[in-house]
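Asker: got a predicted structure here, sequence first:
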Amino acid sequence: MSPAMRPALLLCLLLTMMTPTTIARNADNPHAPTAASTPVPPPPAWLPALEARYDAELRAAGLDDRVFTAEHWWTVTTPLLERTRGFHVEEIGRSVENRPLRHVRWGEGRTQVLLWSQMHGDESTASMVLSDLFRFLGEHPDDPQVKALRANTTLHFLPILNPDGAARFQRRNVQGIDINRDARMLATPEARTLKALYDKVKPMYGFNLHDQRVGYRAGDSDRGTAIALLSPPYNHAADVNDVRTRAIEVAGVIRTALEPYLAGHIARWNETFDPRAFGDLTTQWGASTVLIEAGGIEGDVQKQRLRKLYFLGLVAALDSIATGSHQGVSPALYRELPENGDVWPDLLVRGGTLAVPGRPPMKADLLVNFRNPLMETDGAIADVGDLGRKKARRTINARDLFIVPLPGHEGERTLIEANDDGDNDKPPSPLPLTPGASAHFVLSRDPQGRDVVWTLDGSVDPAAPSPPAH
């Protein structure tokens with residue numbers, strides 16, 4: 001064989017070794033990470049001591065329940081924001097329902113950092129964390145991390161950007177708009193307020209602070225995602241410039257800080273560019289933006305354990321900005337995180353027999369999702385039938401039991417949608433134990449529902465989360 005032919009033959013061999021699936025996968029996702037191989041370095045040396053101080057010295061009191069109004073949050077937090085401690089608070093806007101939107105500023109340094117929380121009204125973990133951070137900054141001026149932050153950064157906060165949504169503990173604002181998808185049109189007063197603050201501050205770094213659905217898995221594993229990270233892209237190609245490089249480094253710092261606590265439960269969002277989203281556009285505008293999402297830890301029903309870890313990760317990120325220690329952090333610490341995978345439903349009742357009055361009994365599995373998944377409250381039927389190998393966050397064995405609807409709930413519905421033809425009339429309520437119906441049923445040894453072994457009356461009774469073994 002002539003030397004000139006060898007490169008062509010080698011190329012043919014390589015293409016032959018690549019299966020069509022491999023080629024398609026790489027074409028669809030050119031930014032897909034390779035198999036994880038980069039060792040995660042130890043967390044900052046000061047972090048364990050900060051964790052040990054958290055409960056007694058740093059955790060803001062009065063936020064034990066993750067469902068709270070903006071008014072309650074400000075009542076709890078305002079005493080922490082004394083001017084003598086370096087805080088400056090000003091009202092910079094009003095929500096649709098005329099609730100105040102306030103800007104909190106702290107620090108004396110040149111590097112401007114903008115953090116905003118709860119633009120989705122039912123995503124409250126970061127707002128709790130900001131209260132803890134304010135206590136840390138204000139009450140511990142001699143802490144080395146606080147000193148570095150005060151000297152080298154100026155922190156700008158817009159807490160609870162969606163106070164009207166928080167009042168109802170719902171995702172969207174009172175107009176029904178997702179504020180995080182209003183960065184381009186700026187149709188809502190809340191989005192306009194955030195954009196105006198961005199334009200005033202011109203931050204070098206941004207933190208877009210959220211919660212995500214509890215059911216997300218880390219990659220294709222069965223492990224729930226506790227924390228998800230993202231360096232939002234600034235274009236459809238998900239290119240990496242200096243702005244994104246800094247954000248990727250900071251995300252790597254967060255992973256490093258939390259790996260000892262959450263190894264295997266940290267993921268990242270995919271890098272699909274959305275020209276309406278604030279994280280994507282703040283990156284495009286020039287701020288190295290990091291999205292932090294609090295998922296869930298099973299058993300942590302009020303997200304208080306996750307609140308603590310979120311706090312530690314955020315302090316580590318801010319410290320890396322103040323000290324410049326994120327520079328040179330391997331991008332693999334971020335890139336090799338698994339993406340958020342499947343969303344597992346909340347509760348699977350497997351192997352029972354549906355016994356609905358007026359209908360013949362039927363062997364079927366039952367799937368339930370809850371409005372508050374960790375607390376298992378306000379449940380609705382998500383699916384019925386042979387659910388095969390379907391996985392859920394929790395499974396109840398209903399073999400040899402009957403699933404009998406509780407009377408009096410036939411007309412309930414948790415979600416009302418307009419008809420396809422545009423008619424705004426309410427669609428008919430679903431029948432009991434059909435998708436869309438509220439979850440009110442018993443597990444009984446008899447089809448009449450007299451010999452009850454377990455009850456789900458909309459919400460799970462925490463004193464009896466499962467039926468006794470049978």
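Answerer: Cool, the structure landed. Numbering: from 1, shown residues only.

Asker: tell me where this structure has helices.
Answerer: Here the chain has its helices, by DSSP state H, at 6-17, 20-28, 47-53, 70-77, 125-139, 144-152, 163-168, 189-201, 242-262, 278-285, 304-323, 332-335.

Asker: any buried residues in the shortest one, and which?
Answerer: Of the residues in helix 332-335, those buried under the neighbour-count criterion (16 or more other Cβ atoms under 10 Å) are 332-335. Placement of C-beta: from N, CA and C, glycine included.

Asker: ok, longest strand in this structure?
Answerer: With secondary structure taken from DSSP state E, the chain has its longest strand at strand 362-372.

Asker: okay, now the sheet partners of it, with direction.
Answerer: Each strand paired with strand 362-372, and its direction, by DSSP bridges: strand 347-354 (antiparallel), strand 377-385 (antiparallel).

Asker: ok, which of the ones you listed comes nearest R105?
Answerer: Among the strands paired with strand 362-372, strand 377-385 comes nearest to R105, with 37.5 Å by Cβ to Cβ.

Asker: so which bits of the closest one are buried?
Answerer: Buried-residue list, strand 377-385, by 16+ other Cβ under 10 Å: 379-384.

Asker: spatially nearest residue to the residue nearest the centre of the chain (excluding sequence neighbours)?
Answerer: By Cα atoms, centre = their mean, the chain has its centre lying nearest to Q212, at 2.1 Å. In space, and not counting its chain neighbours, Q212 is closest to E293: 4.0 Å by Cβ to Cβ, 6 or more residues apart in numbering.

Asker: how about G351, what does it touch?
Answerer: 363, 365, 397-399 (Cβ atoms under 8 Å, 6 or more residues apart in numbering).

Asker: out of the residues you listed, flag the one nearest to K200.
Answerer: The closest of those to K200 turns out to be D365 (Cβ to Cβ; 54.5 Å).

Asker: which non-adjacent residue is nearest that closest one?
Answerer: Counting by Cβ to Cβ, 6+ apart, D365 lies nearest to L387, which is 4.0 Å off, once chain neighbours are set aside.

Asker: these two touch, right, that neighbour and G352?
Answerer: No: the pair L387 / G352 is not scored as a contact, 11.4 Å apart, by Cβ atoms under 8 Å.

Asker: neighbour count for the two, which is higher?
Answerer: Higher neighbour count among L387 and G352: G352, with 23 against 18, using other Cβ atoms under 10 Å.

Asker: what sits against the closest residue in space to S330 that isn't next to it in sequence?
Answerer: Distances taken as Cβ to Cβ, 6+ apart place T38 nearest to S330, at 5.8 Å, with adjacent residues excluded. Shown in contact with T38 (Cβ under 8 Å, 6+ apart): 330, 332-333, 336.

Asker: circling back to that earlier point, joint contacts of L387 and G352?
Answerer: The contact sets of L387 and G352 overlap at D365 (Cβ under 8 Å, 6+ apart).

Asker: re the thing from before, which one of the contacts of T38 is nearest to S466?
Answerer: Proximity of the contacts of T38 to S466 (Cβ to Cβ) peaks at E336, which lies at 37.0 Å.

Asker: follow-up on the earlier one: can you put the buried residues of helix 332-335 in JSON lines and add distance to I92 and pLDDT?
Answerer: Compiled in JSON lines, those are given as follows (distance: Cβ to Cβ, whole Å; pLDDT from 0 to 100):
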{"residue": "A332", "distance to I92": "39", "pLDDT": "98"}
{"residue": "L333", "distance to I92": "36", "pLDDT": "98"}
{"residue": "Y334", "distance to I92": "32", "pLDDT": "98"}
{"residue": "R335", "distance to I92": "37", "pLDDT": "98"}
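
Asker: and which of these is nearest to D65?
Answerer: Among the buried residues of helix 332-335, Y334 lies closest to D65 (Cβ to Cβ), at 33.0 Å.

Asker: from T272, how far off is the closest residue to the closest one other than its chain neighbours?
Answerer: Closest residue to Y334 apart from its sequence neighbours, by Cβ to Cβ, 6+ apart: A251 at 4.4 Å. According to Cβ to Cβ, to the nearest Å, A251 stands 17 Å off from T272.

Asker: so what's the residue count around the closest residue to H140 other than its chain neighbours?
Answerer: Among residues not flanking H140 along the chain, V146 sits closest, at 5.4 Å (Cβ to Cβ, 6+ apart). By other Cβ under 10 Å, 21 other residues sit near V146.

Asker: what's the pLDDT at V146?
Answerer: V146 carries a pLDDT value of 98.

Asker: OK, contacts around it?
Answerer: Counting by Cβ under 8 Å, 6+ apart, V146 touches 136-137, 140.

Asker: for G109, state which of the residues you listed is nearest.
Answerer: Lowest distance from G109 to the contacts of V146 (Cβ to Cβ) belongs to L137, with 12.7 Å.

Asker: just checking, the closest one touches V104?
Answerer: No: assessed by Cβ under 8 Å, L137 is found out of contact with V104, at 10.2 Å.

Asker: who has more neighbours out of these two?
Answerer: Neighbour count, other Cβ under 10 Å: between L137 and V104, L137 has more, with 24 against 20.

Asker: contact partners for that one?
Answerer: L137 neighbours (Cβ under 8 Å, 6+ apart): 85-87, 106, 146, 149-150, 155.

Asker: what subset of the contacts of G351 is buried?
Answerer: Neighbour counting over these (16+ other Cβ under 10 Å) leaves 365, 397-398 as the buried ones.

Asker: mean confidence for stretch 40-47?
Answerer: So the average pLDDT for stretch 40-47 ends up being 98.

Asker: actually, stretch 302-318.
Answerer: Averaging pLDDT along stretch 302-318 gives 98.

Asker: then stretch 204-211?
Answerer: So the average pLDDT for stretch 204-211 ends up being 98.

Asker: so what's the residue count around P468?
Answerer: Neighbours of P468 under the rule other Cβ under 10 Å: 7.

Asker: quick one: the closest residue to it other than its chain neighbours from V368, how far?
Answerer: Spatial nearest neighbour of P468, excluding adjacent residues (Cβ to Cβ, 6+ apart): V453 at 6.5 Å. Relative to V368, V453 is positioned 17 Å away (criterion: Cβ to Cβ).

Asker: repeat for T282
Answerer: Distance, T282 to V368, using Cβ to Cβ: 38 Å.

Asker: ok, now E91?
Answerer: To V368, E91 is 43 Å away according to Cβ to Cβ.

Asker: check G324 too.
Answerer: G324 is 49 Å from V368, where distance means Cβ to Cβ.

Asker: who has more neighbours, these two?
Answerer: V368 (23 against 11).

Asker: pLDDT score assigned to the closest residue to K147 other than its chain neighbours?
Answerer: Nearest residue to K147 in three dimensions, chain neighbours excluded: P141, at 7.4 Å (Cβ to Cβ, 6+ apart). For P141, the model assigns a pLDDT of 98.

Asker: list buried residues within the contacts of L137.
Answerer: When the contacts of L137 are checked for burial by 16+ other Cβ under 10 Å, the buried set is 86-87, 106, 146, 149-150, 155.

Asker: in JSON lines: the residues you listed, plus distance to A317.
Answerer: Shown next, in JSON lines, are the buried ones among the contacts of L137 (distance: Cβ to Cβ, whole Å):
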{"residue": "G86", "distance to A317": "20"}
{"residue": "F87", "distance to A317": "20"}
{"residue": "W106", "distance to A317": "16"}
{"residue": "V146", "distance to A317": "15"}
{"residue": "L149", "distance to A317": "11"}
{"residue": "R150", "distance to A317": "16"}
{"residue": "L155", "distance to A317": "12"}
